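Q: just to be clear, the model below is a prediction. Sequence and coordinates:
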Amino acid sequence: MSSEVKDDHVFKALAHPRRRMILDELKDGPKTTGTLCEIHADMDRCTVMMHLKVLEDAGLVVARREGRERWNHLDALPIKRIHDRWISEYATHAVSILDRLKADLV
């Protein structure tokens, strides 16, 4: 799969606020699917699983089974790749513009 297609999957996964909320929960450490369902009690289990599947397909969540439990782990590397490719370049450009503006004002 090309890096462009992978990026598309990451952007799609991050586009939904519920999936971003799930990722925020996983920043603190891995959680079972049951725990995520309890945290997001306003969604049924199937909906939580659907969101986890999209996150898994994007490489943002890695699931590991332990007995009857499914542990979901955050993998932030796809987000870092997006940052490195898109955000850092634009941020560098913006900082250089601000630096020139500051120099012109002084």
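A: Here it is on my side, so go on.
Q: contacts for stretch 27-34?
A: 25, 39, 45, 48-49, 52, 64, 69-74 (CB atoms under 8 Å, 6 or more residues apart in numbering). From N, CA and C alone the C-beta is placed, and that goes for glycine too.
Q: now it: average pLDDT?
A: The average pLDDT within stretch 27-34 is 96.
Q: between the two ends of that stretch, how far is it?
A: 17 Å (CA to CA, to the nearest Å).
Q: again, but for stretch 76-90
A: End-to-end for stretch 76-90, by CA to CA: 20 Å.
Q: so can I have CSV of the contacts of stretch 27-34 showing distance to D84 and neighbour count?
A: Putting the contacts of stretch 27-34 into CSV (distance: CB to CB, whole Å; neighbours: other CB atoms under 10 Å) gives the following:
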residue, distance to D84, neighbour count
E25, 25, 17
I39, 30, 14
R45, 35, 12
V48, 30, 21
M49, 31, 14
L52, 25, 20
R64, 27, 10
E69, 34, 11
R70, 30, 16
W71, 28, 15
N72, 25, 23
H73, 21, 13
L74, 18, 20
